[in-house]
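Participant: predicted coordinates and the sequence they were generated for:
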Amino acid sequence: MSKKGEGSVITRVIAASSLGTMIEWYDFYIFGMLAKTISTEFFPEGNATAALLSTLAIFAAGFIVRPFGALVFGRLGDIFGRKSTFLLTLVLMGGSTFLIGLVPGYKTIGLAAPLLVLLLRLIQGLALGGEYGGAATYVAEHAPANRRGYFTSWIQTTATLGLFLALGVIMLVKMNMSDAAFNSEWGGWRYPFWFSILLVGVSVYIRMKMEESPLFSKLKSEGKTAKNPLKESFSNKANFKMVLLALFGAVMGQGVVWYTGQFYAQSFLETKAMLDFEQSRTIMLWAILFATPFFIFFGWLSDKIGRKWIMLLGMLIAILTYRPIFSYLLENSDTKAWQGQAITSGAVEITKGLLPGMPAIH
């Protein structure tokens, strides 16, 4: 195949993989962004703090099962191929998100409401665990060995773009109705969940046209796929060492950096900096917009200097900057202090105008 043809293939692969993964992240994130509203709908009244903590626990459950999803769907991908597994995870994720939007509130069906939401959330986590790793693997198996960092970095942008899309949809709905209408049992907060089914339909259509990974097809035809990947990963000393290095040396630290910057930041802006919903989300939207191109840049750079130093640099920057950044946000977002300064400044100016020899303020 010519270089032009290869470029066309990898472009289609990245586009199809990225779109589906972005939609799955959108599905995954809207729950966390609407946690406060969800807590009032799916849990009994009387203890708002306990309801919110329970909702966040359900949100966290989706993260807890993600590694199991990666194991389960990774194995299915080795047996049935990447394309079929892609479609399965996408349908499971999109269907679960849509159904969360259809679950009646606690006032209607009682304890069954949070239990149903928990079940659907667990399915979401399993599906995303299989989707994200599968998408990166699919792209990597199409990419030249010397450009895998660059090409797979496009998959990394999907998490951020999914968050961007989720924020945008929620803000669009919220700004076009009253708070009462948005927060009612069958109100506007459900619309982002329902909207997901349209996105999934588009992605399924695109992925149906995808071809199987050529590297996987070659390995399968030669009988070189793993017979028992879990046993091979954990019983072999060298392989087990790589698993531990990947988990504790790379993924754990990056997870802290990622979720502190993307999710804790939202909670911090609302609960500590005391900004309202629109203000905090607007700040996050701009931050995400400016940050996204750097995924591509550092993916490209990793092909030049290696992955290790890029990861270490990122975690070092987080260690050095997170505390000062959050301290700055806290100190400079006190609207009451701003109002006090404005009043004081206005009083000083008026006083100057009343003193002899001082110009009056017009």
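Facilitator: Now that the structure is in, tell me what you want to look at. Quick caveat, the model's predicted, so the values are computed rather than measured.

Participant: make it CA atoms for all contacts and neighbour counts henceforth
Facilitator: Noted.

Participant: now do the contacts for L90.
Facilitator: Shown in contact with L90 (Cα atoms under 8 Å, 6 or more residues apart in numbering): 20, 24, 127, 131, 200, 204.

Participant: and what of G187?
Facilitator: Contacts for G187 (Cα under 8 Å, 6+ apart) come out as A181.

Participant: from V169, how far out is it?
Facilitator: Note on G187: its distance to V169, by Cα to Cα, to the nearest Å, is 14 Å.

Participant: then G133?
Facilitator: 26 Å.

Participant: and F73, by the same measure?
Facilitator: Distance, F73 to V169, using Cα to Cα: 29 Å.

Participant: picking up where we left off before, dump the contacts of L90 to CSV, plus distance to P293, secondary structure and pLDDT.
Facilitator: Formatted as CSV, the contacts of L90 follow (distance: Cα to Cα, whole Å; DSSP: H, G, I helix; E, B strand; the rest coil; pLDDT from 0 to 100):
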residue, distance to P293, secondary structure, pLDDT
G20, 19, helix, 77
E24, 20, helix, 76
A127, 27, helix, 86
E131, 22, helix, 76
V200, 25, helix, 85
V204, 26, helix, 84
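
Participant: ranges for the helices of the stretch 251-362 of the chain?
Facilitator: For the stretch 251-362 of the chain, the helices defined by DSSP state H, counting those that start in this stretch cover 252-259, 265-271, 277-305, 307-332, 335-354.

Participant: give me the mean pLDDT for the fourth one.
Facilitator: The average of the pLDDT scores along helix 307-332 is 90.

Participant: and it, what's buried?
Facilitator: 311, 315, 318, 326, 329 (16 or more other Cα atoms under 10 Å).

Participant: just confirm the last one contacts A273, I think it does.
Facilitator: Looking back up the chat, that one is L329. Yes: with contact defined as Cα atoms under 8 Å, L329 reaches A273; the gap is 6.9 Å.

Participant: isn't A136 right next to I155, touching?
Facilitator: Yes: counting by Cα under 8 Å, A136 does reach I155; the two are 6.2 Å apart.

Participant: helix or strand right after whichever strand or helix holds S17?
Facilitator: Using DSSP states H and E, S17 sits in helix 3-33. Following helix 3-33 in sequence order, the next helix or strand is helix 35-42 (DSSP H and E).
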